[in-house]
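S.K.: Make a model of this:
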Amino acid sequence: MEYLVESWQEGTELMYKLVLVRHAAATGQDANAQLTIEGERQAHTLADFLVPLQIQRVISSPFARATESVRPFCRRAGLDLETDDRLVERVLSAGNYADWRDHLRRSFDDPDYCLEGGESARAAQARGSAVLRTALESGERTVLVTHGNLLALMLKSIHAIAGFDLWSGLSNPDVFVVHVEGERPAGFSRVWHQ
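M.R.: The predicted structure is shown next:
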């Protein structure tokens with residue numbers, strides 16, 4: 001995938017309106033899981049990374065690991081931190097499966113595949129994409145902070161290249177910019193190099 005480093009340099013026109021962020025390293029998967037010590041360091045590195053992007057709005061999953069990942073940036077940029085429940089992580093299943101990665105892979109290939117107590121990829125993608133559209137319609141340069149599975153599904157809604165392999169290669173944190181043509185997403189680039 002291409003990188004948009006050039007468009008971020010001072011004095012050049014910024015070519016994006018949306019930045020998608022996966023949270024920093026956390027102590028677990030539940031809604032209240034905090035950032036690890038390394039995750040706290042990553043959150044400050046993320047703030048340094050985001051400052052030059054002239055962000056105007058921040059919308060995050062309400063899960064602690066997401067809000068704490070972007071809070072240092074919001075403080076530095078003087079921005080309010082909005083939360084949106086549609087950005088919470090997708091629940092693959094209500095139960096634990098030793099082969100959960102196989103089920104996750106299948107869900108990327110078959111968007112209607114759904115385990116008991118879980119959410120299909122199609123349903124999760126629809127709610128994530130709705131936030132993406134709302135952010136685009138606002139006209140403000142926006143950061144959306146979410147979780148790995150949902151992030152990959154949101155990217156898949158933009159371009160079919162995204163899927164299980166993209167998800168499995170994500171880092172904590174990770175950052176993607178969404179290319180926009182008119183008011184529609186037209187592609188994306190991974191821009192996190194840490």
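S.K.: Chain neighbours aside, what residue packs nearest to Leu153?
M.R.: Gln125 (4.2 Å; Cβ to Cβ, 6 or more residues apart in numbering). Any C-beta I mention is one placed from the backbone N, CA and C, and that applies to glycine too.
S.K.: how close does that neighbour sit to Leu136?
M.R.: Distance, Gln125 to Leu136, using Cβ to Cβ, to the nearest Å: 16 Å.
S.K.: if you count what's nearby, which of these two comes out ahead?
M.R.: Between Gln125 and Leu136, Gln125 has the larger neighbour count (other Cβ atoms under 10 Å), namely 21 against 18.
S.K.: so that one is in which element?
M.R.: For Gln125, the host element (DSSP states H and E) is helix 121-138.
S.K.: what about that helix, distance to the chain center?
M.R.: Distance of helix 121-138 from its chain centroid, counting by Cα atoms, centre = their mean, to the nearest Å, is 11 Å.
S.K.: same question, stretch 146-161
M.R.: Relative to its parent chain, stretch 146-161 has a centroid offset of 8 Å by Cα atoms, centre = their mean.
S.K.: In it, which of the residues would be classed as buried?
M.R.: 146-158 (16 or more other Cβ atoms under 10 Å).
S.K.: what's that stretch in contact with?
M.R.: Under the contact criterion Cβ atoms under 8 Å, 6 or more residues apart in numbering, stretch 146-161 has outside partners 1, 20-23, 60-61, 63, 65-66, 87-90, 92, 104, 108, 121, 124-125, 128-129, 132, 144, 162-164, 166-167, 170, 172, 174, 176, 178, 185-188.
S.K.: Stretch 93-103 too?
M.R.: By Cβ under 8 Å, 6+ apart, stretch 93-103 touches Leu92, Tyr113, Leu115, Glu116, Gly117, Gly118, Ser168.
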